[in-house]
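# Got a sequence here, can you build the structure:
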Amino acid sequence: MKKDITRLQTNTRMSQVVVANGVVHLAGQVPDTAGATITDQTIEVLKHIDALLAEAGLEKTRLLTANIWLSDARHFDEFNRVWDVWVPEGHAPTRACVQSLLMRAGFDVEIAVTALA
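The predicted model follows:
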């Protein structure tokens with residue numbers, strides 16, 4: 001039995017959201033403002049995630065997993081201060097957070113999440 005796949009905000013290279021078998025996959029989200037503080041960049045990224053989840057008809061209480069890339073491990077504590085406020089109490093997803101070189105200079109955080117529809 002073939003299951004439907006829904007893609008949102010699709011272009012030649014990628015979709016921002018893919019819904020398949022009841023799981024919503026968001027592409028990695030980066031900030032709008034390169035070179036801003038990690039706090040400001042994290043807030044921007046989480047706003048993108050909120051908007052994409054809403055477009056898929058979901059809220060962050062439906063998160064299953066989060067993959068987080070930070071350009072420098074020194075950003076970890078400051079990132080977590082924003083993250084901890086954003087995640088609804090009792091609804092923390094599984095999470096991986098690693099240090100990685102990001103694809104654009106001045107970007108210090110990227111986050112990709114999955115959620116249950």
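
# What lies in contact with stretch 62-80?
23-24, 28, 37-39, 42, 53, 83, 87, 91-102, 107-117 (C-beta atoms under 8 Å, 6 or more residues apart in numbering). From N, CA and C alone the C-beta is placed, and that goes for glycine too.

# What residues sit buried inside it?
62-63, 66-71, 75, 78-79 (16 or more other C-beta atoms under 10 Å).

# Just these: which are in helices?
Counted as lying in helices by DSSP state H, out of the buried residues of stretch 62-80, are 78-79.

# and the contacts of stretch 62-80, which of them are in strands?
Counting by DSSP state E, the contacts of stretch 62-80 place 23-24, 94-99, 109-116 in strands.

# Can you pick out the most distant pair from the residues you listed?
Greatest spatial distance among the ones in strands among the contacts of stretch 62-80 (C-beta to C-beta): 99 and 116, at 28.6 Å.

# element containing the closest residue to residue 55 other than its chain neighbours?
Excluding its sequence neighbours, the residue lying closest to residue 55 (C-beta to C-beta, 6 or more residues apart in numbering) is residue 8, at 5.9 Å. Using DSSP states H and E, residue 8 maps to strand 5-10.

# And that strand, what does it pack against?
On a contact count with 3 or more C-beta pairs under 8 Å, 6 or more residues apart in numbering; DSSP states H and E, strand 5-10 meets strand 15-20, helix 38-55.

# For the shortest one, C-alpha coordinates in CSV please.
Only the C-alpha atoms of strand 15-20 are listed here, as CSV (Å, rounded to 0.1, in the frame of the first residue of the first chain):
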residue,chain,number,x,y,z
SER,A,15,11.6,20.9,0.7
GLN,A,16,11.4,22.8,3.9
VAL,A,17,8.8,20.3,5.2
VAL,A,18,8.1,16.7,4.2
VAL,A,19,5.2,14.8,5.8
ALA,A,20,5.2,11.0,5.4
